[in-house]
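Q: Structure, please.
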Amino acid sequence: MTSPDAPGYTRLDICKRFVASVKHSTLLGLDVLEAGEDNVRVRMPYQDKLVGNPDTGVTHGGAIFALMDQAGGLANACLIFPDFEITPTIDMRVDHLRAPRPGHAVVCEAQCYRLSQHVAFVRMSVFEESTDQEPASDDLLATGLATYMRMKLPGASKVVN
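A: Predicted coordinates:
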């Protein structure tokens, strides 16, 4: 049973709606798979247009960075839910540990582990997605830490409804 104060939408609804409204996220083909209380899982499919080196067929590190940044912002939205704030990136550190294998989608798991009055703190991990032909490797592709500014805009939550 839902409480009378519960919004008519979920964290997953908000995340999917936000991704659909951001041009680079739609061009990257981002898909929000899960949205929890303080975390998200976001998938980026393999696309020839995202290959950094045509000789290897490896997805460009910049596309992986953009996936991680978007997932970090969505993790913030999950923890702030049902309120909504704009959270531009202040700083982000990414360690690219290895390249994804050509043809494999990648999945980013992001968790907002702390909210201060003005800053949100997020950690991220990126893995390969398995295919029918090849299982995913358990090795991380990338890890990251980021900080985001909390911009509490009056009436911003009303835009979501």
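Q: contacting residues for the nearest residue to residue 42 once chain neighbours are set aside?
A: With sequence-adjacent residues excluded and distances taken as Cβ to Cβ, 6 or more residues apart in numbering, residue 42 is closest to residue 71, at 4.3 Å. The way it works is simple: take the backbone N, C-alpha and C, and place the C-beta from them, glycine included. Contacts for residue 71 were tallied using Cβ atoms under 8 Å, 6 or more residues apart in numbering; they are 40-42, 108-110, 124.
Q: so what's residue 90 closest to, chain neighbours aside?
A: Of all residues not flanking residue 90 in the chain, residue 147 sits nearest, at 4.4 Å (Cβ to Cβ, 6+ apart).
Q: What does the pLDDT read for the residue nearest the centre of the chain?
A: Nearest to the mean C-alpha position of the chain, counting by Cα atoms, centre = their mean, stands residue 71 at 1.3 Å. At residue 71, the model reports a pLDDT of 98.
Q: and if you look at residue 106?
A: 96.
Q: Please tell me how far it sits from residue 92.
A: As judged by Cβ to Cβ, to the nearest Å, residue 106 and residue 92 stand 17 Å apart.
Q: Just want to know which of those two has more residues nearby.
A: Legend: neighbour count by other Cβ atoms under 10 Å for residue 106 and residue 92, higher for residue 106 (23 against 16).
Q: Isn't the more buried one up against residue 130?
A: No - contact criterion Cβ atoms under 8 Å: residue 106 and residue 130 do not qualify, at 11.4 Å.
Q: quick one: buried residues of the helix or strand hosting residue 114?
A: Residue 114 is part of strand 106-115, with elements assigned from DSSP states H and E. Residues of strand 106-115 classed as buried: 106-112, 115 (neighbour count, 16 or more other Cβ atoms under 10 Å).
Q: which element follows it toward the C-terminus?
A: Scanning onward from strand 106-115 (DSSP H and E), the first element met is strand 119-128.
Q: partners of that following strand in the sheet?
A: Each strand that pairs with strand 119-128, with its direction, by DSSP bridges: strand 106-115 (antiparallel), strand 142-149 (antiparallel).
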